[in-house]
Each structure stands twice: as structure tokens, then as C-alpha cells.
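A.B. asks: let's see this in three dimensions:
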Amino acid sequence: MEHKAMTSPVRVEQTDGVCTITLARPEKANALSAEMARGVLEAVEAAPANGARIVIIRADGKHFSAGFDFGDFEALTDGDLVLRFVEVEAMLQAVHYCPVPVLALVQGRAVGAGADLASAAMRVIATPETSFFMPGPRFGVILGTRRLARRIGAGRARAIQTESRPIKAAEALEIGLIDGVSAADDWPAEISVFTEKMQTLDAETVTALAEATAIDTRDADMAALARSVMRPGIKQRIADFRKGA
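C.D. replies: Residues are numbered from 1 along each chain as shown. I've put the predicted structure just below:
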């Protein structure tokens, strides 16, 4: 069975209960446009209904994702930016609360919402050269912070976002931001092991475990994001950040 997403920047393939969602905009370093965010959201939500037991998120090209797409920044209003960020948070929530296990395979740079997308997965494997960078607080955006804190601890999450510095794969593994480091050539073996382990239980039990172990902060996370991006001047704050970046 193969299901192809309607959204061109996202490629979706499903075979033998494994749904692979690929960010397919390598010429833009897989920057998350509104179209791409909606494509990932729709694909993740559709996967279990289409019989997927496993979801894999990966990306074409050198980089997993450059984060929020600012390609049309000049044409966007503050309201447009608020809606974009809300759509990105909805995508991240779909991944984090997916009723089937999600594996993220990450290479190159994972920046901002791209780093959040990777860390929202149940298991994250990165290449040795991968780096993660979450600069959102530098322009006043609070995105995915509770999920990050649950993954690596509140103190580390606060420090990383306050310091706003890149995290290399070795450090990311040490602090629990990722679950393994593996060269891209070895990813087929990683997928095979993950799939085998995740399919030892029946689908209903896996879903029940996902629901029982999830701390549902969806409304609080969306509210925190909304408060941060609805502060007056979101476009100017981003413009100032981009000038100094």
C-alpha cells in the first residue's frame, strides 16, 4: 500500500505497516513552510487510520530542517506569522501525541521548529555531524519548551534555550535530546530494529501505552506559544534577530 500526500514538499510512503514521511524540499534545507507543516500534520494524523504501526520522519538533502521558513517574510503580517507558528505547533503536537511510535532520522542541521520536530518523536537517531539549534527565545517565541523539558529535564531545557547555542550530536546524546548516533548508511538497520521492537505488541496495546504514558499539555503548550507570538511586534523581533544572526 502506498499513500502519497497531496502536499508536494512532503513525500509519504506506506509499506508493511510502516509510514515514512519525508521532508522533500532540500533546495531550501527543508525549511518548514505552511504547506510543509500542514503536510506533515495530515500525514501523521492519517497514518494510524491507514493501518500504519510505525511512523518514520526523515528528510532529503544535507539538512533535516532549517526551521521556520522565512522565504516570504517581507510579505507576512504579524497576524500571518501568528497563524504560521500556531500551525507549526499543531504539527508538533500531532507527532508527539501520535498513537503509534514515531522514529525521527536526523542529519545536518536541525534548527528551530526543525529541531522541535525531531525531538517530538518517540525515538531520535542523528548522524555524528548533526547539530541542533533552538533560537526561538531570541525573538520571544516559546515553542515546544514543555516537550523539551520532559525529554532532557527542566534545568537543561532552560539552559539550552537561554544560551541559544548549537548542540552537537555527542552532547545531544549525552543529555537525552537524541537516543542514538548512527551514520546515515546504517539507518536501514536502525529502522529494522525499531520496527521489530515496536511490533512485538499488538496495535491496541501500543496505542494504550502511548496514551497512558503521555502527559497531555497540548492546550498549555498552545497557550504558551500564543501568548509569546501575540505580543506586539513579532515581525520586528524576528527581523532584528535575522539581522544579527
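A.B. asks: so where do the strands sit in the protein?
C.D. replies: Remark: strands assigned in the chain by DSSP state E are 10-15, 18-23, 54-59, 102-106, 109-111, 123-126, 131-133, 167-168, 180-181.
A.B. asks: any idea which of those strands gets closest to residue 154?
C.D. replies: strand 167-168 (16.4 Å; C-beta to C-beta). In this view, the C-beta of every residue, glycine as well, is placed from N, C-alpha and C.
A.B. asks: mean neighbour count for the strands of the chain - can I get that in TSV?
C.D. replies: What follows is the strands of the chain, written out as TSV (neighbours: other C-beta atoms under 10 Å):
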stretch	mean neighbour count
strand 10-15	18
strand 18-23	23
strand 54-59	24
strand 102-106	26
strand 109-111	27
strand 123-126	24
strand 131-133	21
strand 167-168	18
strand 180-181	15
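A.B. asks: okay if I get those strands as a markdown table plus mean pLDDT?
C.D. replies: Output for these, formatted as a markdown table (pLDDT from 0 to 100):
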| stretch | mean pLDDT |
| --- | --- |
| strand 10-15 | 96 |
| strand 18-23 | 98 |
| strand 54-59 | 98 |
| strand 102-106 | 98 |
| strand 109-111 | 98 |
| strand 123-126 | 98 |
| strand 131-133 | 97 |
| strand 167-168 | 96 |
| strand 180-181 | 98 |
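A.B. asks: low pLDDT regions in the protein?
C.D. replies: 1-7, 245 (pLDDT under 70).
A.B. asks: centroid-nearest residue for it?
C.D. replies: Nearest to the geometric centre of the chain sits residue 117, at 0.5 Å (C-alpha atoms, centre = their mean).
A.B. asks: so that residue touches residue 94, yeah?
C.D. replies: No - at 10.3 Å, residue 117 does not count as touching residue 94 under the criterion of C-beta atoms under 8 Å.
A.B. asks: any shared contact partners between these two?
C.D. replies: residue 40 (C-beta atoms under 8 Å, 6 or more residues apart in numbering).
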